[in-house]
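Student: Sequence isn't available, so here's the structure alone:
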C-alpha cells in the first residue's frame, strides 16, 4: 500500500512539473528570465561557519548573480574563513563546490565580496590572506549598500 502511495505521489509531482515546463515556442522567455534581476540589488550577510548554512547563502547569491542582480556578499565573524586563499574546505553538496569556489564564481560573475574589517583585524588578517577580488571594508561602506532603496538583504 505504501509503495502504491509513493508511486502515485511521484506521478502526481512529475505531471505537475511537466505541466509547468515551458513549451518550445516559449523558449525565448526562458532566456529572458535569466536576466530578470538586472535592476535589483541583493546584499547577503554571511556570518555562520556552518557549511550547509553558508552554502545556501552563497548558492542563492550565485544564482542572483547569474540572473543579473547586483550582488554583494558580506562575510563576518567566522565566515571570513571561507575567503581564505589557501586551506582545505569541504564541498557544499547542493552546488558540488567549496565555499571558496562559490565566492570565486560570484566575483567572476560580477558580484562583490566584502569582509568586515573588524573581524579581519581581530584575526590579524589582511587582503593577501584572501582570494583575489575580496574587499575589506568598514561598516559605513556596508551600510551604503544596505540602505539603498532598491536593495534586498538576506542573512545566513
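Tutor: It's in. Values in this document were obtained by computation on a predicted structure and should not be read as measured data.
Student: Could you use CA atoms for every contact and neighbour count after this?
Tutor: Will do.
Student: got the contact list for residue 139?
Tutor: 116, 117 (CA atoms under 8 Å, 6 or more residues apart in numbering).
Student: Can you give me the pLDDT of it?
Tutor: pLDDT recorded at residue 139 is 90.
Student: before we move on, what about residue 39?
Tutor: 87.
Student: Report the spatially nearest residue to it, omitting neighbours in sequence.
Tutor: residue 69 (6.6 Å; CA to CA, 6 or more residues apart in numbering).
Student: surely that neighbour meets residue 38?
Tutor: Yes - counting by CA atoms under 8 Å, residue 38 is a contact partner of residue 69 at 4.8 Å.
Student: And the helices in this structure, which stretches?
Tutor: Applying DSSP state H to the chain gives helices spanning 2-20, 27-33, 51-66, 99-108, 117-122, 139-146.
Student: Out of residue 69 and residue 38, name the residue with the larger neighbour count.
Tutor: residue 69 (22 against 14; other CA atoms under 10 Å).
Student: any idea how far the more buried one is from residue 92?
Tutor: 23 Å (CA to CA, to the nearest Å).
Student: Likewise for residue 98?
Tutor: Taking CA to CA, one finds residue 98 at 6 Å from residue 92.
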